[in-house]
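Undergrad: model this:
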Amino acid sequence: MNFLSEEKKWRKRGYKRVACLDEAGRGPLAGPVTAAAVLLKINSNNPELLKISKNIKDSKKLSAKKRQEFFKILTRHPGIKWGVGIVSEKVIDRINILQATKLAMAKAIKNLKVKPDFLILDGNFKINSLVPQKPIIKADNKVFSCIAASIIAKVTRDRIMIKYDEKYPCYKFKIHKGYPTKLHLRMLKRYGPCRIHRRTFRPVRRLAFKNK
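TA: Reported below is the predicted structural model:
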C-alpha cells in the first residue's frame, strides 16, 4: 500500500483534517449497520504507524483475532481520532439500507472529537454533509484511514451481534453475525424472524409472510 497517499494528496490541497469512512453490515439479514470515521492527527512518517500500515488489511481479509488486535491498536493510538455511528435494523427497514449506511456515516462524523474539513468515503455515493467529500470505490483496500475505519466498524458490529447471541441463542448470531449463511438461513427457517431481523430483506420478508 502506498502509505497515506490519498490523505497526503488532499492535505497538499489545503485540507488539514481529512477523515475517512467505511461501514460494516450492509449485507446481513439481522442487526444494525455500523460506520466508523478515522482521522489521523500524526506525522505520516511516524515509525509506529508505518509499521502498522505494512500489515493492516481491509477487515474482510483479516481473521477475527487480527481484527481485534488492530482494533485495540487503532482505537488506543493517541494520534488517531475516531468515531462510530450505529443505525438499527428498525431504521434500516424504514429508510432502506443505503440511506441507513449514509446515516451511520453521518453519525460517525458527529462522534469524532475533531471536526473534519474533508471526507473520503469507501463506496460510490456521497452523504448529506456540508463538508467536501470524495467517494472512492474499494477505498478499504487503498486508503489507510479507510482500512482502519473498516476494522473499527466491523469489530464494533461484531461485538453487538455477539451480545444479541446471548439474547437470541437459537439463531447462532455469534457465529455468522447476521449474514445470510446456510446456518443462519436454516435457523431462520426453523424459528422464524426475531426482533432484530430486517423485515424488508427478501429472505426474512418471505418467511415473515409465510408465518402470517
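Undergrad: check which element follows the helix or strand of the chain with the lowest mean pLDDT along the chain.
TA: Between all helices and strands in the chain, the lowest mean by mean pLDDT, DSSP states H and E belongs to helix 47-55, at a mean of 66. Scanning the chain past helix 47-55 towards its C-terminal end, the next helix or strand to appear is helix 64-76 (assignment: DSSP states H and E).
Undergrad: and that next one, what does it pack onto?
TA: Contact here means 3 or more Cβ pairs under 8 Å, 6 or more residues apart in numbering; DSSP states H and E; on that basis helix 64-76 packs against helix 47-55, strand 80-87, helix 144-167. Yep, even glycine has a C-beta here, placed from its N, CA and C like the rest.
Undergrad: how about 6 Å then?
TA: Judged by 3 or more Cβ pairs under 6 Å, 6 or more residues apart in numbering; DSSP states H and E, helix 64-76 is in contact with helix 144-167.
Undergrad: wasn't Glu23 part of a strand?
TA: Yes: applying DSSP: H, G, I helix; E, B strand; the rest coil, one finds Glu23 inside a strand.
Undergrad: that one touches Ala35, doesn't it?
TA: Yes: counting by Cβ atoms under 6 Å, a contact exists between Glu23 and Ala35, whose distance comes to 4.3 Å.
Undergrad: of these two, who's got more company?
TA: Neighbours were tallied for Glu23 and for Ala35 using other Cβ atoms under 10 Å; the higher tally belongs to Ala35 (34 against 27).
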